[in-house]
Structures are given as structure tokens and as C-alpha cells.
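Trainee: Build the 3D model from these lines:
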Amino acid sequence: LTFIDATMPPTANINYINNIHLCQKFAMVDDRHYAPMEMNHGLGMQLFHADTAKHYFAAIMDSRIQFDSVSAFGHTVDHSPYGRIDTTHQNFVQAMAAADNTKIMRVANYLVYIINSGYIPVGPIEFGPFTEFFRGDQIQGFRPTLGLRTSEKLCPWFSIGGYAGYGVRNKQWSYGGDLRFRFGPDYAHSLTASYYDDYYRVDFQRTYGPIDQYVDRGENLFNIGCKYHQLLHQRIARLNYSYDAAPFKLFVEGNYHRYFGGDSLPLLSAQTNEPLEYMDVQTVRVGLRFAPKEKSVDYFFHHHHLTSHKPVVSLVGTYGHYNTGETQGNYGAITLSMYHFWHTSIGELRYSVSGNYLFGNAPYTQLFTPRTQSGRWFNCLRFNSLNQTLYLSDAMLEAHANFFTNGWIFNHIPGVKRLNFREEMFIKAAWGGLRPGHAAVMPLPNQYSLRVPYVEAGVGISNIFSLFTLEFVWQLTHRKDCPDENFGIKFKIQPTL
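Mentor: You can find the predicted model right below:
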């Protein structure tokens, strides 16, 4: 094989791509080996297309490289008539460099920074995260929030920021702030001191852990309309050290939590069953994330990890001490998780598996509960028809699997094929157990068990306008535990290619 010439036409139905052309020539080095002699690649991109009568914005990239000589395995093949790099390739490189300085590219880079960092830069100040400007829940009601921090323009290695929000329903302020320092090669090391006085879900620390990519400090605008009424008022002081340089991410942090009970989630005395004013919990957490061949982009104190086709493994250990005012004790916890995006010729499989175990007895706030996303928004890595804190466990396995097709059905329907819809199917399961000793520390808010696994599954239509997904979710087990969520229609924002 000494020559390849392949073209992928527009009928391939790839988002934003008009056509792809690949041409490669190879020269024989010896009886067994070949080396590249010429490469010619072309890519046509269509970003907007109103109708056939109007022009559309398009970008054509063309690259041609020809080699002067090739040395491999101790042999040399001379191709001096071709020249090392021809004028076409030089023009291509210059054109791409010039494109970075155009207004449209500067606007595109600005928008990409906002989406990935969560902050809107305005000179030396950044406002955000923008997803927290508005939020709502059954305790605070509608809550507008203003958050800001100093930007990289002011100081590339230091930032100070904070936020404040007012709950219309409970007529109370929530607020927080942090100091951040970063140092070392590529600013891979960071140190953060923070304090928050806010309302959080019980599973907030596990759902929004330092191992994950979330930039939110808590609930956000996508939680408006969700059934998040089981929130706890918490005061959190935290000191965190993080090292983030592919393929590793490591963090060590100390936390001081003060929990205040509420009507939906009371903190009760194990002796008198009377409400407690508050409870204190101190924890030390250590986490390690390993992502082979994964790359990341620095967005000022947030390393955005690009999707890797290799499994990503995380391990988090916790040592904690609790004091309810009547009883106190120590506990430990460990969480091992893995997620993987696996591309195949027939579609893409996204799956995750996690195992959790708690040592000793602890208040219910420190137990494990399946990650949930109640309401109208769908999340691939959470249970979407499950109420918060419905199931508590000290040993739990959790698994999620989502498969996105290349258009098995829609690509064969005339007319519909042009819409480039894609099918999706998914299944999620959680299985766990609970020892009786935790009730001696603090009464549990419910007595539902996961000894029979909780399972939900469904199908969806993805790539709607290359941005939206419509999901249909069914509960397959435990249907009597939450009968109002046996079936649901959910939405998801997920840009696709």
C-alpha cells in the first residue's frame, strides 16, 4: 500500500463538517517498511446554513506537506525534487495564525473561556460562575446571586473572590468567599482557603468533589424546577491543596462543617428524639485521579480536562470526627470510581462505576446516597427519577451506562435524516446496605433500603439542533417508594459533533 486517497462527503451527517479529504503517499524504505512521502489533508467546516438561497459561513482548511528525505530503520530515501515543505503548507500555517487574530476568533475564545471556566471576564474582574446568578429551591425560593473574583489580568497567580445571594422565600442571605494561590510549572499546584454559609444537599460534597470538573459552589440555575427541598443549612470552612498535571490530579483538604437542621431534614437527638440546634463534623480528605493520555486546558484556577478515550479512575479517602452535642465519634470512608467514554464504529458508550464503603458509625449526613437529579433536567451520571436522601447506605455500588448511536433509525428515514438526530439508550442501577448502628448516633430521616437494587432505564433523542437531548425515563424497581416519578420526560443540553 503506497497511496491513500479518501473522501468523506456531506452525506456522512457529521455536525459542522461539510467534507473531509485525506491523501497520503508512502515510499519504500526497505522490503518491510514504508515512510510518508507526501500528505495532503482537507477539511470543510459549515457553521451556519440558513437556506440554499443564501450564503453560509464556511471555513476550508487545506494542508500539504512534502518531504525532502525520509530516514527510518537505518535507510534513507531521497525525494529532493519535492522540496521539504511546499508553499501551500506555508500559506496554510500563516492563514491559521492570522485567523487567531480575527474578531470572530477572539469572540469565540472569549465564549469558550466563559463556558469552561464559568466566569465572565470584565477587565481585572470576572463575574460568576454565571450558572449561579439565579437559583431556586423549596427552602430559599427564587434566589438571585452576585459572584465575582479578581482575574488573571490583575494577578496570574492569585485570586480573591466571593458571592452573596438573597432567598426571596426564607428572606435570608447566603454568602461565601475564597482566597486562591497557584504556583509551580504550568501552575499545576494550587492552595485555596474558603468559607461558605449556604444551603446544600446532603450529598453535595461527594457530588461536587475536587476530583470532578464542576466549577459551581452549590446549586445553580439548572436546579430551578428540580425537587430540591431536602437541603441543609451549612457553614463550611475549608483549606485545600491540589496538584493537577496530566495524567494525575491529587488533592488534600481539611473541612469544618456545621450543620443546622430544618423541617425537611431535621437533626434529632438519639436519646430524646428532640431537634438539635446544630452538629459539627471535621473531615480530612485525600483524593487521587488518574487519567492516562488525557489533556487539560488551564482556565485560571480551573483545569478543564478534555475527554479521553481511556478509563479515568478516582480514589477518595475520608477520615472524620462528628460531635452532636450528646455523642461524638470517628469514622472513615473510601470511594473508588471509574468512568470511560468508549467510541465504536456504531456509536459511543459512556459508562461509570463507583463503590463506596463507610467504616464505623456516623450521622446520616455522612452516609452515602445515590447521586440524584430530580426535575426536568437530565444528567448522564445521576439518577433522574429518584428523590434525594430516599436511600441511605454505608456500603453502596452505583453504575451508569449511556449509549449514543450514529443514527440507527433516523438515518434511514427520508427527510428526517437531514436533521441528523441520534438515538440514545441508558440504564442506571444502585445497590447498597445499611448497618443498624448509625441510628444510635442520630435517627435516620427514612427507612428505605437498597438491598433490592434500584434501577431506572430509558431512551432518548439526541443531537437536536446539535445541542439538545430529549429523554424518556422509567423506574424499573422500587416503583412504590416514589410513585410520582415512575415515568418522566427530561431535557439535557449537550453539544455534540
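Trainee: how close does the closest residue to residue 162 other than its chain neighbours sit to residue 154?
Mentor: Sequence neighbours aside, residue 177 is the residue nearest to residue 162 in space, at 3.2 Å (criterion: CB to CB, 6 or more residues apart in numbering). C-beta: built from backbone N, CA, C; applies to glycine. Computed as CB to CB, to the nearest Å, the residue 177 to residue 154 distance reads 16 Å.
Trainee: try residue 124
Mentor: 4 Å.
Trainee: Between these two, tell me which one has more neighbours.
Mentor: residue 154 (14 against 11; other CB atoms under 10 Å).
Trainee: Which phi and psi values does residue 453 adopt?
Mentor: phi -60, psi 140 (degrees, to the nearest 10).
Trainee: same check, this time on residue 325
Mentor: phi 100, psi -20.
Trainee: since we're on the closest residue to it other than its chain neighbours, how many residues are nearby?
Mentor: Counting by CB to CB, 6+ apart, residue 325 lies nearest to residue 276, which is 6.1 Å off, once chain neighbours are set aside. By other CB under 10 Å, 19 other residues sit near residue 276.
Trainee: need the contact list for residue 276.
Mentor: 261, 267, 268, 269, 324, 325, 326 (CB atoms under 8 Å, 6 or more residues apart in numbering).
Trainee: Let's have those residues in TSV, adding pLDDT.
Mentor: Formatted as TSV, the contacts of residue 276 follow (pLDDT from 0 to 100):
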residue	pLDDT
261	88
267	92
268	92
269	92
324	93
325	89
326	89
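Trainee: Can you tell me which of these are buried?
Mentor: 261, 267, 268, 324 (16 or more other CB atoms under 10 Å).
Trainee: Grab the nearest non-local neighbour of the first one.
Mentor: If I follow you right, that is residue 261. Among residues not flanking residue 261 along the chain, residue 267 sits closest, at 3.5 Å (CB to CB, 6+ apart).
Trainee: so that neighbour sits right up against residue 281, yeah?
Mentor: No: counting by CB atoms under 8 Å, residue 267 does not reach residue 281; the two are 11.2 Å apart.
Trainee: picking up where we left off before, how close does the residue nearest to residue 325 sit to residue 197?
Mentor: In terms of CB to CB, residue 276 sits 19 Å off from residue 197.
Trainee: Check the offset of stretch 257-270 from the chain's centre.
Mentor: Computed by CA atoms, centre = their mean, to the nearest Å, the chain-centroid distance of stretch 257-270 equals 30 Å.
Trainee: try stretch 103-113
Mentor: With CA atoms, centre = their mean as the basis, stretch 103-113 stands 22 Å off its chain's centre.
Trainee: Extract the CA atoms of that stretch and return them as PDB.
Mentor: Output of stretch 103-113 as PDB, limited to C-alpha atoms (Å, rounded to 0.1, in the frame of the first residue of the first chain):
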ATOM      1  CA  LYS A 103     -12.600  39.400  15.600                       C
ATOM      2  CA  ILE A 104     -14.600  36.200  15.200                       C
ATOM      3  CA  MET A 105     -11.900  34.100  16.800                       C
ATOM      4  CA  ARG A 106     -11.400  36.500  19.700                       C
ATOM      5  CA  VAL A 107     -15.100  36.400  20.400                       C
ATOM      6  CA  ALA A 108     -15.100  32.600  20.100                       C
ATOM      7  CA  ASN A 109     -12.200  32.300  22.500                       C
ATOM      8  CA  TYR A 110     -14.000  34.600  24.900                       C
ATOM      9  CA  LEU A 111     -17.100  32.500  24.800                       C
ATOM     10  CA  VAL A 112     -15.200  29.200  25.300                       C
ATOM     11  CA  TYR A 113     -13.500  30.700  28.400                       C
END
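Trainee: Please point out which parts of that stretch sit buried.
Mentor: Buried, per 16+ other CB under 10 Å, within stretch 103-113: residue 113.
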